[in-house]
Structures are given as structure tokens and as C-alpha cells.
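*Asks:* What shape does this take:
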Amino acid sequence: MTGFLSEELIDRITERCDLVEIISQYLPLKKAGRNYKGLCPFHQERTPSFVVSPEKQIFHCFGCGVGGNVFSFLQKLEKISFPEAVRLAGEKVGISISLSGDEKETVKENLYQINEVVCRFFQEQLKKTPVALSYLERRKFNSETLKTFRIGYAPSSEVFLDFCRQKYLPGEKLREIGLIMPSSRGKGEYAYFRGRIIFPIFTLYGKICGFGGRVLDNSLPKYLNSSQSTIFDKGRHLYALSLSKEFIREEEEAILVEGYTDVLALYQGGIRNVVASLGTSLTTFQTRLLKRCSKEVYLAYDEDSAGVAATLRGIDLLLEADLGIKIISMPAGVDPAEVMIKQGKEAFALLKDQASPYVDYRIDLEISRKPKLGIREKIEVIHSIFPTLQKIPHALEFQDLIKKLAERLNIEEKLLRSEFRKLEKKEWTSDTPLQLISDPNKRVKKKERELLQLMLLGEETIELVRDRWGWDKFESEENRQIAREIIALWERKELSLPRLLNRLKEENLSFLVSSLSLRELFPDTVDKKNLTLEIIQSLKREIIERKRRECRQKIAEYEKQGDHKKVVLYCRQFDRLAREINFIEVGNEQED
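*Replies:* Predicted structure coming up:
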């Protein structure tokens, strides 16, 4: 058993999953021989080192060392528990799982239910609050839109707390999801959202994970979001994605805006492939959400300093996700909602049609910041744009952009390439593979890894290791655990790579197994039996030689101290170890 999930159920889901298909929902993969490759979603890289094996149903990144099976991938990418990863994988292959026995999942469901109750309360309060309704009517939002997005109103703290008491909503849960806060005076509590229009924030699957609130006047802060909690992290959600994801898939493009009201206005006006980042700064996880259902993203942020800065951050993250990017330039001081409400859908569509490719926008922006464009200013433009261009994954596109930049700056292309090469030498650092094992004896560690890899290649090898060596002889704790699980599964006739990964509880063990499984250290023609025996003999020799070195040190130490008895004792031990090495050599020759 893994928690309350049976191994039989986990195996059934594993067998139904196509790892290539599931990972392709999150990032693009390209065929590379027997495997597929792509840019790793767990670290930044320009050259793909993320490998997926359809045959073995595992993945491994040879840049950062992350690896495992379908559950490992979903756990790490979605930042969820193992049972949640099993459930998500099950949903993807049509196997429904209830996690009611999972204490953590039950707690989360309770929090979602509280948010649902509170959301209904806010919706009812909106109907009773003329000033809030009047505000929304002035913004031209109709009743259908308010119903679709479940817009509400947060009344005074006293009214909200009285409602919570009437509904017996537990105070500790309300505090956990940030709906009530302790009073700074030391006594009592108050409602976090007060006197604000409320915008419920939904998960991808339509559960309310948090709220956003906007004031009715010009007081600050204009917007408030729920604080981070067990069920809410604003960097992991896109506002309205649960509503717009199918429209985004149909259009194969998404329009990304900043504010809640921007989304409402565009959606109400018939532009439904729209989402908003919850704050100006786009995150890597939000980028991955966009990548799941779109090929191209149009950014429509306000043309103020914060909006420009957010646009630049968004470009870099979207570049890494290999998404097409265009920038919709908004009129100064005007946001997308105002364009839609005052000028209509056609006006916004025209702005979208005139959207600039991201590099054109970036070059125009950097040049516009310079009062003149002399040599020094051109170098500054190059240095500013370089980090962005570094993230372009395709060589042909990169070459084309270099040419375009050279033309805009009126400099020779070869000089621009030379400047870029200098910057690459200065800033480029290669990815450092994850150090998975801490055994100080590198030779033994290397041999043990080779032995593990041979065990993963065939059952005959496993039997040899069990009978001639034993899992308990592996010196590295990590290697020993892996060897033990391989032998245990093989003896039960249940060995498979995905099942092995499910049994290994520690993340670093999964990383190591996936790495060994996908590294081609031995040619297909190698005699695995003889090679296994050679490695076992080598490990035996290495361990005895280490003991002999220790004996030499002891002999030298006791000779200095004049302890003749200890010298004789360690000399005898040294001779015995020498005979053991000879015995190993003779035994090896006889087997040959």
C-alpha cells in the first residue's frame, strides 16, 4: 500500500498512462531516436536535455538531474502530493479516484467548501447593495456577466463575522484562508475584505481557491487578493482560465491582461479567450498553464511603467515556454476594459491586429529610452536585449532576430554577433548536474552505479547480483535502497520500471533510477553476465584494497608509537587481505 491507495490501483493507472502524451500537455516534445526531447520545465536551459522514454515510461533531465515516472512528473510540476498525482493521472486516463481517506485532501476540500459558502454570501450582498450595483452598471457590466463570474460584494466586518457565526464557519479555517484577521489591538478579529467588489478566483477545475477585492472609490490599495494559503497561491492561477480555456484552445491563442475588469469587459464583449495574471508579474507556472492550451499569447498590459515592466518579464517567461508573443499597445492611460466599453469589440480587435512582434516591441522600447543613438547607446541597447534573445529556443529565429536588430541599430551584423559572443562568454554558465550520491569513494560509487544499471537491463543480471554480491553489500545508502527494491520486486515477479519508481519514496532515488535507465553506458552487444561478474570482482578488490590502505596507515602509526604488538597484528591482517585479493583473481580466472 502507498497510503490508502492500493498498489493494484497505482499499477492500473500506470499501465494506462502514456507519459509522452501527458508531458506533451505541459511542454512541447520532439522525437529524438527512440526517445523524445524538450526543454526542461524544472530549470532554465537553451539546449534540450529533458528526455522522455515511451518504451520505459520514464523521464530524466540530464541538465538538472530531475527524473521519474508519470507520478513524479505531476508531483513536481503541479506541486502536489503523491495521492493527488495519482488522482490527476487517473483523471487523465479515465479512472476516477476518491481521496476521501487522505487527510490533507479532506482539509483542502473543506476549505474550498467554505469559500463556496462565502462566495454565495458575497453574491447575495451585492444584490442588497445599491452603491456596488451602481458602480458595476457604470462600468457597463450586465447581469449575465456578473452571474457568469459570480461577482459579489463584501459588506462591513460586523456583517461578515455575524454571517460566519450563523453558518458555524470555524474561525481557524477562516483565518487559514485569509478571510478574517486578528485585530491589531490584540482583541477580536475583523473581515479581510470590507466594502469591496468581490471577484472569486477559480482553480483550473472550477473550485473557488481565493478572492480578489476592488474598492468603489480611489482609495488605496485599489485591489486586494486573498493571502497565500493551503489552497491559494496567486502565482499558480490565471483569473478566468476555468471559463476561457476551451475558447483559448479553439483559437490557439490567449489574450493576457492585468485586471479582473479587463477580463470581464472582453469576455462580455465576445472576446472569450482572455485571462489575467493575478498581479503585474507573470510567473513560470502561469506560463505553463498558458502553454497547455495555446500556441500564441497577446499581451495587453497598461502602458504605465509597471505595465511595461510586467510585459518585459512576461516576454522572457513566454519565450522560455516557446510561445509566440505579440504586444498589443494600449493608448496612454487606457486599459483594455475602457477600450471595449467605450469603443467596442472592433476597436480592440484593431489594436490586436496591429500588435507588434515581441522583438520589434522590445527594440522600439529600448531605443525610445535613449535621447540619442550613438555608439555607447547602441551598446546599451544590445546589452539590454541580450538576456531576452538568449531565451529564444530556435536557432533560425535567433539568426533572423540578430539580423533585424543589426538593421535597426544600423550596425554590421558581424559586429553584433561579435558583441553577443562576448556577452555569452561573460554570462554563460553550464548547468550543473544534480549530485545524487554523497559516497566519498568515487570509484566504488561509479562501479555500484554500473551494477545498478545492469540490474535495470535484465533479470539474469539481478540474479547474479543477488547470489554473488547482495543488496546489503552496496556501500552507498541510496544505491543499497535501489538494489534492495529491484531484487524484492524481481523475486515477487513484479519488476517493472514504473513500479520500481512508485516504491522508491525519496525523490533523489527516482532521479537516480531515471538517469541510469536512460544513460546508454553499455552497447547492446555487451555480454551483460560477464560484465556483471567483472564489476562484482572489481568491487570486491576495491573494498579489500581500501582495507589494506587502512592497515598500512595503522602499521605506520604504531611503528612511530613503538607498539610492536599492534604492528604485528596489522601486518597479519595486511597479509590476509593480500591472500583474499589473490583468491578473487584466481576465482575470476576459473570462471573465465
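
*Asks:* Low-confidence stretches in the stretch 251-400 of the chain?
*Replies:* 280, 303-314, 393 (pLDDT under 70).

*Asks:* For it, which segments are assigned as helices?
*Replies:* 260-268, 284-293, 305-320, 336-343, 345-353, 358-368, 375-390, 395-409 (DSSP state H, counting those that start in this stretch).

*Asks:* Verify the stated contact: L169 with V117.
*Replies:* Yes - between L169 and V117 there is a contact at 6.8 Å, judged by Cβ atoms under 8 Å. For the C-beta atoms, the positions are set from N, CA and C on the backbone; glycine is no exception.

*Asks:* neighbour count winner among the two?
*Replies:* Ranked by neighbour count (other Cβ atoms under 10 Å), L169 and V117 place L169 first, with 18 against 13.

*Asks:* For the more buried one, which residues are in contact?
*Replies:* 114, 117-118 (Cβ atoms under 8 Å, 6 or more residues apart in numbering).

*Asks:* between the helices of the stretch 251-400 of the chain, which gets nearest to P498?
*Replies:* Of all these, helix 284-293 sits nearest to P498, with 23.4 Å by Cβ to Cβ.

*Asks:* Buried residues, that closest one. List them.
*Replies:* Residues 285-291, 293 are the ones in helix 284-293 that count as buried (16 or more other Cβ atoms under 10 Å).

*Asks:* How about stretch 497-511?
*Replies:* Buried residues in stretch 497-511 (16+ other Cβ under 10 Å): 497-504, 508-511.

*Asks:* Can you get me a residue count around E377?
*Replies:* 16.

*Asks:* Where does pLDDT dip in the stretch 1-150 of the chain?
*Replies:* Checking the stretch 1-150 of the chain against pLDDT under 70 turns up 1-4, 98-106.

*Asks:* Strands of that one, residue ranges please.
*Replies:* 30-32, 35-38, 50-53, 58-61, 67-68 (DSSP state E, counting those that start in this stretch).

*Asks:* With distance to L409 as extra columns, can I get those strands in a markdown table?
*Replies:* Listed next are the strands of the stretch 1-150 of the chain as a markdown table, based on distance: least, Cβ to Cβ, whole Å:
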| stretch | distance to L409 |
| --- | --- |
| strand 30-32 | 33 |
| strand 35-38 | 33 |
| strand 50-53 | 35 |
| strand 58-61 | 37 |
| strand 67-68 | 43 |
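
*Asks:* Any chance of those strands in CSV with mean neighbour count as columns?
*Replies:* As requested, these are arranged in CSV below (neighbours: other Cβ atoms under 10 Å):
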stretch, mean neighbour count
strand 30-32, 10
strand 35-38, 20
strand 50-53, 22
strand 58-61, 27
strand 67-68, 27
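
*Asks:* To D233, which of those strands lies closest?
*Replies:* strand 67-68 (22.9 Å).

*Asks:* got the contact list for the closest one?
*Replies:* Contacts of strand 67-68 (Cβ under 8 Å, 6+ apart): 58-61, 76, 501, 507, 510-515, 518.

*Asks:* and S183, what are its phi and psi?
*Replies:* phi -70, psi 140 (degrees, to the nearest 10).

*Asks:* Send me stretch 127-144 as CSV with only the CA atoms.
*Replies:* The C-alpha coordinates for stretch 127-144 follow below in CSV (Å, rounded to 0.1, in the frame of the first residue of the first chain):
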residue,chain,number,x,y,z
LYS,A,127,-28.0,42.4,-4.7
LYS,A,128,-28.6,44.3,-1.5
THR,A,129,-26.0,47.0,-2.0
PRO,A,130,-27.2,49.7,-4.5
VAL,A,131,-23.9,51.6,-4.4
ALA,A,132,-22.0,48.5,-5.5
LEU,A,133,-24.5,47.7,-8.2
SER,A,134,-24.4,51.3,-9.4
TYR,A,135,-20.6,51.1,-9.7
LEU,A,136,-20.8,47.9,-11.8
GLU,A,137,-23.6,49.4,-14.0
ARG,A,138,-21.4,52.5,-14.7
ARG,A,139,-18.7,50.1,-15.8
LYS,A,140,-21.3,48.6,-18.2
PHE,A,141,-21.2,45.1,-16.8
ASN,A,142,-24.6,43.3,-17.3
SER,A,143,-26.3,40.8,-15.0
GLU,A,144,-25.3,37.9,-17.2
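
*Asks:* What residues of that stretch count as buried?
*Replies:* So, applying 16+ other Cβ under 10 Å, buried residues of stretch 127-144: 129, 132-133, 135-136, 141.

*Asks:* what's it in contact with?
*Replies:* Taking Cβ under 8 Å, 6+ apart as the rule, stretch 127-144 contacts 126, 146, 151, 153, 155, 197, 216, 261, 264-265, 268, 337, 341.

*Asks:* Most widely separated two among those residues?
*Replies:* Counting by Cβ to Cβ, the most remote pair of the contacts of stretch 127-144 is P155 and I341, 26.8 Å apart.

*Asks:* Those two: who's more crowded?
*Replies:* P155 (23 against 17).

*Asks:* got a list of what the more buried one touches?
*Replies:* P155 neighbours (Cβ under 8 Å, 6+ apart): 125, 129, 194-195.

*Asks:* Tell me which residue lies nearest the centroid of the protein.
*Replies:* L77 (3.6 Å; Cα atoms, centre = their mean).

*Asks:* contacting residues for it?
*Replies:* So L77 contacts 26, 41-42, 288 (Cβ under 8 Å, 6+ apart).

*Asks:* Out of the contacts of strand 67-68, name the ones that lie in helices.
*Replies:* 76, 501, 507, 510-515, 518 (DSSP state H).

*Asks:* Between the residues you listed, which sits nearest S227?
*Replies:* K76 (24.9 Å).

*Asks:* was I right about that closest one contacting V66?
*Replies:* Yes - assessed by Cβ under 8 Å, K76 is found in contact with V66 at 6.5 Å.

*Asks:* neighbour count winner among these two?
*Replies:* Ranked by neighbour count (other Cβ under 10 Å), K76 and V66 place V66 first, with 25 against 17.

*Asks:* my guess is the more buried one contacts N508, does it?
*Replies:* No - using Cβ under 8 Å, V66 makes no contact with N508, being 9.9 Å away.

*Asks:* what do K76 and V66 both touch?
*Replies:* F42.

*Asks:* what's the burial count for D364?
*Replies:* 14.

*Asks:* If we ignore the residues flanking it in sequence, what's nearest it?
*Replies:* Among residues not flanking D364 along the chain, S356 sits closest, at 7.3 Å (Cβ to Cβ, 6 or more residues apart in numbering).

*Asks:* residues contacting the one you found?
*Replies:* Taking Cβ under 8 Å, 6+ apart as the test, what S356 contacts is 326-327, 329, 364.

*Asks:* could the buried residues of stretch 497-511 go into CSV alongside pLDDT and distance to K529?
*Replies:* Formatted as CSV, these follow (pLDDT from 0 to 100; distance: Cβ to Cβ, whole Å):
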residue, pLDDT, distance to K529
L497, 85, 21
P498, 81, 26
R499, 84, 24
L500, 88, 22
L501, 86, 26
N502, 82, 29
R503, 82, 26
L504, 82, 26
N508, 80, 30
L509, 85, 26
S510, 83, 28
F511, 84, 28
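
*Asks:* Which single one of the residues you listed is nearest to L319?
*Replies:* For these, the nearest to L319 is F511 (27.1 Å; Cβ to Cβ).

*Asks:* out of everything not next to it in sequence, what's closest to the closest one?
*Replies:* G67 is the one closest to F511 (Cβ to Cβ, 6+ apart), at 4.7 Å.

*Asks:* Ok, P357 next?
*Replies:* Per Cβ to Cβ, 6+ apart, closest to P357 is K326, 6.0 Å.
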